[in-house]
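**Student:** Sequence and predicted structure below; questions after.
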Amino acid sequence: MDAGMSHTSSRRFDLDWLRMAAFALLILYHAGMAFVSWDWHIKLARLVWLEPVMQVTNAWRLLLLFLISGIASAAMLGKTGIGGRAGFLASRSKRLLLPLLLGIVLVVPPQAWVEVQVKGSWAGSYLLFWRTRYFGFSDDLGLILPTWNHLWFVTYLWAYTLLLALLPASWLAAWRRGVERGLAGNRLLWLPMLAIAGIRLALADRFPESHDLVSDWCMHWIYGGGFFIGAAMGTAGPLWTGVARLWRAGLLLGLAGWAVVASINGLPGEVDGGWLIISRMARAVQAWGMIIGLLGLAQRFLAVDHRWRQPLAEAVFPAYLIHQTIIVLAAWWLLPLALPLWAKAAVLMVGTAVGTTLFCMATARIGWLRPWVGYSSVPRAKLSAA
């Protein structure tokens, strides 16, 4: 077992529940994107009141997921033993890259087809678009094709996992010790806030968030930093004692940061100058404060198992893979219909939930398809019975 990583092997049910909740919020967030002014694939209307509601989560949701992924990756790596890094990387690459490939080739293209039609740069059928334009490796239709769209998260996660697997065990042990010392005491709460704020102030204008992997340096420092802090935290250790002590303060600071961000974004005109600086600083406070708060809440109240935990946890990846395509196609179908806005929103939400559930249930039963949509190769029930 890797030096310094031996205590990362115990299962943390609270992190499973928190991960599921974060992905559920992500699905709701993407459905909400059809109703706000922020750039997205398709719009049904604008609900002004919805934007501050969605800002409750958008500062911390993805950072939390990367941090939990770092914890889980360190736990898996810690179980491999000496010489097991190649196996760990092969296993993680299969689990991440097969769904990514399927997503780019088959799941994401309908999103791009809808978007180019909404923008007026394409008017042909989907099959013609997929055969003749989607794999054109150009941006002549107004977006770069082919694309991974929402699956950028999988790409980034694989890149960070690759780096984790390539780091010598002694470096990882030194990193863990350094993080534990650096974030000891109250520094666990305020030092990451300061770091996130500094990164955004220094790099956000020069490297706007792009999700293209090669030039997204501001977000790599934030998301990659979250992943590797998670790897240092592990599933047990002194930092978790700090979480248990500081989570209430973190939650209060996170909510206060959200109130500042939402208030500034609600001002008329474009946010710039001093307001932009304050907003980025408040966003950093919101992001890390909420993460500490939610980690502590989950640690205290969700550290329990349930018969639904395992199947729901395993269905997270397939649900993430398919949900945005369902949302975009449902919005495209709803766009010309003369329905009240509340009815469109209800149909979109219910249709997304039902479609995502049916996809997860159907693909779980097709053995050869399971690894391509993010399930383990063999159903959990069969593994238990073996």
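**Tutor:** Looks like it came in fine. Bear in mind the structure is a predicted one, so any value in this text is a computation, not a measurement.

**Student:** Could you report the distance from residue 44 to residue 115?
**Tutor:** 14 Å (Cβ to Cβ, to the nearest Å). Placement of C-beta: from N, CA and C, glycine included.

**Student:** and if you look at residue 159?
**Tutor:** For residue 159, the distance to residue 115 - Cβ to Cβ - is 25 Å.

**Student:** Over to residue 146?
**Tutor:** 13 Å.

**Student:** who has more neighbours, those two?
**Tutor:** residue 115 (21 against 16; other Cβ atoms under 10 Å).

**Student:** Name the nearest residue to the more buried one, sequence neighbours excluded.
**Tutor:** What sits nearest to residue 115 in space, not counting adjacent residues and going by Cβ to Cβ, 6 or more residues apart in numbering, is residue 41, at 4.3 Å.

**Student:** from what I can see that neighbour touches residue 118, true?
**Tutor:** Yes. Assessed by Cβ atoms under 8 Å, residue 41 is found in contact with residue 118 at 7.1 Å.

**Student:** nearest spatial neighbour of residue 16, skipping sequence neighbours?
**Tutor:** Among residues not flanking residue 16 along the chain, residue 313 sits closest, at 4.9 Å (Cβ to Cβ, 6+ apart).

**Student:** Can you give me every residue that contacts that neighbour?
**Tutor:** Residues in contact with residue 313 (Cβ atoms under 8 Å, 6 or more residues apart in numbering) are 16, 19-20.

**Student:** So which residues of the stretch 251-386 of the chain form strands?
**Tutor:** Assigned by DSSP state E, counting those that start in this stretch, the stretch 251-386 of the chain shows no strands.

**Student:** Might you list the low-confidence residue ranges for it?
**Tutor:** Residue ranges of the stretch 251-386 of the chain with pLDDT under 70: 378-386.

**Student:** mind redoing it with 50?
**Tutor:** In the predicted model of the stretch 251-386 of the chain, residues 381-386 satisfy pLDDT under 50.

**Student:** Could the C-alpha coordinates of stretch 223-242 be exported in CSV?
**Tutor:** Provided in CSV are the C-alpha atoms of stretch 223-242 (Å, rounded to 0.1, in the frame of the first residue of the first chain):
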residue,chain,number,x,y,z
TYR,A,223,-10.7,22.2,-9.8
GLY,A,224,-7.4,20.4,-9.9
GLY,A,225,-6.6,21.9,-6.5
GLY,A,226,-9.8,20.6,-5.1
PHE,A,227,-9.1,17.2,-6.5
PHE,A,228,-5.7,17.0,-4.9
ILE,A,229,-6.8,18.5,-1.6
GLY,A,230,-9.4,15.7,-1.6
ALA,A,231,-6.6,13.2,-2.3
ALA,A,232,-4.7,14.6,0.7
MET,A,233,-7.7,14.6,3.0
GLY,A,234,-8.4,10.9,2.4
THR,A,235,-11.3,9.3,4.2
ALA,A,236,-9.9,9.9,7.6
GLY,A,237,-7.4,12.1,9.3
PRO,A,238,-6.9,15.4,11.2
LEU,A,239,-8.5,17.5,8.4
TRP,A,240,-11.8,15.7,9.0
THR,A,241,-11.6,16.7,12.7
GLY,A,242,-11.3,20.3,11.5
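
**Student:** Now residue 215: closest residue in space that isn't a chain neighbour?
**Tutor:** residue 207 is the one closest to residue 215 (Cβ to Cβ, 6+ apart), at 6.3 Å.

**Student:** err, residue 186, not the other one
**Tutor:** Distances taken as Cβ to Cβ, 6+ apart place residue 246 nearest to residue 186, at 7.0 Å, with adjacent residues excluded.

**Student:** got the contact list for stretch 48-67?
**Tutor:** With contact meaning Cβ under 8 Å, 6+ apart, stretch 48-67 is reached by 18-19, 22-23, 25-26, 29, 32, 35-38, 153, 156-157, 160, 222-224, 226-227, 229-230, 233, 254, 257-258, 261-262, 265-266, 283-284, 286-288, 290-291, 294.

**Student:** Counting neighbours, show which residues of that stretch come out buried.
**Tutor:** Buried residues in stretch 48-67, counting neighbours by 16 or more other Cβ atoms under 10 Å, are found at 50-51, 54-67.

**Student:** again, but for stretch 352-363
**Tutor:** Neighbour-count burial for stretch 352-363, counted by 16+ other Cβ under 10 Å, picks out 352-353, 355-356, 359-360, 363.

**Student:** try stretch 329-343
**Tutor:** Neighbour-count burial for stretch 329-343 flags 329-332, 334 (criterion: 16+ other Cβ under 10 Å).

**Student:** For that stretch, measure first residue to last.
**Tutor:** 16 Å (Cα to Cα, to the nearest Å).

**Student:** Same question for stretch 121-133.
**Tutor:** 11 Å.

**Student:** measure residue 284 to residue 18 for me?
**Tutor:** 21 Å.

**Student:** These two: which has the busier surroundings?
**Tutor:** Taking neighbours as other Cβ under 10 Å, residue 284 and residue 18 compare with residue 284 leading, 24 against 21.

**Student:** In contact with the more buried one, which residues?
**Tutor:** 59, 193-197, 200, 257.

**Student:** Now, of these, which are buried?
**Tutor:** Buried by 16+ other Cβ under 10 Å: 59, 193, 195-197, 200, 257, out of the contacts of residue 284.

**Student:** Identify, from those, the entry nearest to residue 372.
**Tutor:** Nearest to residue 372 among these is residue 59, at 32.8 Å by Cβ to Cβ.

**Student:** So the closest one: helix, strand or coil?
**Tutor:** Assigned by DSSP: H, G, I helix; E, B strand; the rest coil, the conformation of residue 59 is coil.

**Student:** List phi and psi for it.
**Tutor:** phi -80, psi -20 (degrees, to the nearest 10).

**Student:** Residue 56 now?
**Tutor:** Dihedral angles of residue 56 (phi, psi; degrees, to the nearest 10) stand at phi -60, psi -30.
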